[in-house]
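Undergrad: the following comprises the amino acid sequence and a computationally predicted model.
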Amino acid sequence: MSTKPIAPLVHPELCSELPALSRGDRRENQLAAIALNEVGSKLYASGKQDEAIEMFNAAAQVVMSQSPPCPLLSQRLHWGCQRITLPGNGIAQFQQHPPDTYLEGECDVGPRPLRQPLHLDAASCPEGDEFILESMIRFNRALVHHSKSELDEAMENYSLALDILSRNTNAEHPTATMNRVSHLGMMIHNNSGQICYVEDDEENSMLHFEAAVFWAKQIYGVSEDQDYTLIFGTILSNYCRSQWIHGNVDEDTYRAFQTVLKLRLAALPADHADVACAHYNLGAMAYARHLDEEAKTHLQEYLAIAKKMSNAELDSVPAMTLLLLLENRGKQDKISLELNRALNALQEKREEYGATHMEVASLLNYIGTLLFHRKELRAAILFYREELRLEKALMNSEAGISICVTYNNIGRILQELGELPEAIGCYRSALKADIDDDNSYVRAAAFAAGTTELPMAPGDDAATPSTTNLFSTIWYNLGLIHDKMGARREAIMSFQMALGLRRKILGVEHQDIACLWYNIGTLQMEISRLDDAVASFQEALRIRRLGKSRDDPKHILTTLKKLASLQQTRGNIDHALTTLTEILQIQESSACDLQWKTPCAIGMTLRKIADLYEAKGDLNSALACAERSYLAFKSSGAFMQHDTLEHLKAVEEVARSLLVLGSLFNEACEPIKAQAAHDETRLLVATALARLGVPRHPVLQPLLEASKLQSSSRCAPMA
């Protein structure tokens, strides 16, 4: 550090050549210096650093002068006071620091300097303590240079302040004076240590912090002032940091870490950022000492506080990284090994490049993906969100950054976690689309039909296939979410947007396109847009008949069943009959999936066809289908399995078909056959209930009562 002589401190007109001061003159100079120091402190707090330096220079000149204050001094004080513009509490700005977490490499913010200027008033500065006032003024002058990053000048003034103290301090001083000396000593050594740390002079940095802790301990407990407790916590934290950087993780250092947490908890709320940082530092220290449970406790406390802070002031990634490394110790599966490798690489890249770098963002994405595959969704989303924060910070300086994928990843996890409104927000941010426009429903429908271009462009007009596929997936997921939330209109629009995009990638006859048409039709049916629903189901059928569904017709059958139900609801009996007949033909074909060609499935279709023929007045066709339905149900495997619950279900279906058959015989004026059907129904149900020892059954009992009523003579129709 420079040891050059100090330049003149004040304008020449403020000085006058007079004989040595009398005792009264010395007191007058002391009071003048105090006033100048106070004005300089307020100018410093106002951000007027050059003016503050001038005031501190004048204060130093006056306190050392052998001349009484000149008349121009009052003008200088008035000039300084006019330039003070404190923003609210002017000193508050010096209490805000970066998070005090012990990190390494480019992420390390270093130890904290103590930024508040020192004050003395006339009552607390008795005669004979001028050396304290002089040292204090030197400290304040150094503080201004320090804040301007003029480190040589700052260190020179800190050294001069220490020299003044060492030359004038002795054991005979009263306690109040020694307390002031101790306070000055800890402040000066702390800030000197911070400068040495910044300039990579680690050895002297450690010596200064040790000295700062020594002086702080001389007065700790004497003052119960909360600010002093925080100052002592800062000094001790800086000392611990210097030990940490040197790799010293012994018991004494660990206890010092614990004391920092205790001091901060005594003076700050439990969810304060500085308390969180103390937890993180303790967690990292415990991790290094292989105290796994203590490490987890403190790291989790840090993350809990970080989660509450809305401005993302606290970096959650280092704590989450250490926790994951702890959880993966000893695991040998492929994902765990790869996760450990990625976590270690993340630590190295952050140390090398800092927290804001594309390589760091890429590793955050990779770790998030590994955690997603391991179903650790809460941990995964943290890494994706940090990736998003970095990408936003780098967008203006790095080419080719797209935040859409990251928004999609976050939205996908939120969707998985059931946090649906938050997932919608992420998906919308990925699409950069407004889906609340009153006309968007119409435009989306036109886009799905291929009659218009993309109505709400989600990015570059010349989107790549991968981008188009991404946006299609996002719209599809939005459709699923809106459907789950009961927002049918929004779900339809989202599926239509996904449909329009997938048509561009897959063509108009891909089976995924058929699936989307089916989803859209189902939703249109639910909101009574029946014409639109019919058109959607028919388009889904058209595509499915062209594809693999001809060999595996379950998708065709699903669509046909929806279409038949819709046609019947609209009163299109002939169309519904045609559709159900096609279903029956597929069910009876050899290619049909076993699930769809069971006797029960065929029996159900035949009964629906019988109902439609009855509605048309074609009783012969209705009777034929009803009888086939009865025989199909009666031949099912479940009906043959007596004494089982499945048998009861089969009995129920056989009974329903018999009741339909009996009703149709009555309509056809064949009462004997109707009576036989109803008697068989009554006997079948009563036997099943008796065999299983079920006195009453919520479904079979009403069927039994109906069969008894229908079989009574008074219910027989007139010939």
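TA: Arrived safely.

Undergrad: with adjacent residues omitted, what lies nearest to Glu398?
TA: Excluding its sequence neighbours, the residue lying closest to Glu398 (Cβ to Cβ, 6 or more residues apart in numbering) is Met358, at 5.7 Å. For the C-beta atoms, the positions are set from N, CA and C on the backbone; glycine is no exception.

Undergrad: mind checking the end-to-end distance for stretch 327-335?
TA: Start and end residues of stretch 327-335 are separated by 13 Å (Cα to Cα, to the nearest Å).

Undergrad: and it, what's its mean pLDDT?
TA: Computed over stretch 327-335, the mean pLDDT rounds to 89.

Undergrad: for it, which outside residues touch it?
TA: Contact partners of stretch 327-335, identified using Cβ atoms under 8 Å, 6 or more residues apart in numbering, comprise 292, 336-337, 339-340, 343, 370, 373-374.

Undergrad: adding secondary structure and neighbour count, write these out as TSV.
TA: Below are the contacts of stretch 327-335 laid out as TSV (DSSP: H, G, I helix; E, B strand; the rest coil; neighbours: other Cβ atoms under 10 Å):
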residue	secondary structure	neighbour count
Asp292	helix	13
Ser336	helix	17
Leu337	helix	12
Leu339	helix	23
Asn340	helix	15
Leu343	helix	21
Leu370	helix	21
His373	helix	11
Arg374	coil	14
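
Undergrad: from those residues, which is closest to Thr559?
TA: His373 (33.7 Å; Cβ to Cβ).

Undergrad: and the residue nearest to Glu398, how far from Ser402?
TA: According to Cβ to Cβ, to the nearest Å, Met358 stands 12 Å off from Ser402.

Undergrad: what's the answer for Ala32, then?
TA: Shown here: Ala32 relative to Ser402, a distance of 64 Å by Cβ to Cβ.

Undergrad: so for the two, which sits in the more crowded spot?
TA: Counted by other Cβ atoms under 10 Å, Ala32 and Ser402 do not tie: Ala32 has more neighbours, with 22 against 14.

Undergrad: look up phi and psi at that one.
TA: phi -60, psi -40 (degrees, to the nearest 10).

Undergrad: show me the shaky parts of the stretch 301-450 of the chain.
TA: Along the stretch 301-450 of the chain, the parts satisfying pLDDT under 70 run over 310-312, 433-443, 449.

Undergrad: that should have said the stretch 501-650 of the chain, apologies.
TA: Along the stretch 501-650 of the chain, the parts satisfying pLDDT under 70 run over 548-552, 590-597, 643.

Undergrad: likewise for the stretch 1-150 of the chain?
TA: Looking at the stretch 1-150 of the chain by pLDDT under 70, you get 1-26, 65-80, 82-96, 122-128.

Undergrad: all helices of it, in order?
TA: For the stretch 1-150 of the chain, the helices defined by DSSP state H, counting those that start in this stretch cover 23-45, 49-64, 72-82, 130-147.

Undergrad: ok, which of those helices comes nearest Pro702?
TA: Among those, helix 23-45 sits nearest to Pro702 (Cβ to Cβ), with 86.2 Å.

Undergrad: which strands or helices does that closest one pack on?
TA: helix 49-64, helix 72-82, helix 130-147 (3 or more Cβ pairs under 8 Å, 6 or more residues apart in numbering; DSSP states H and E).
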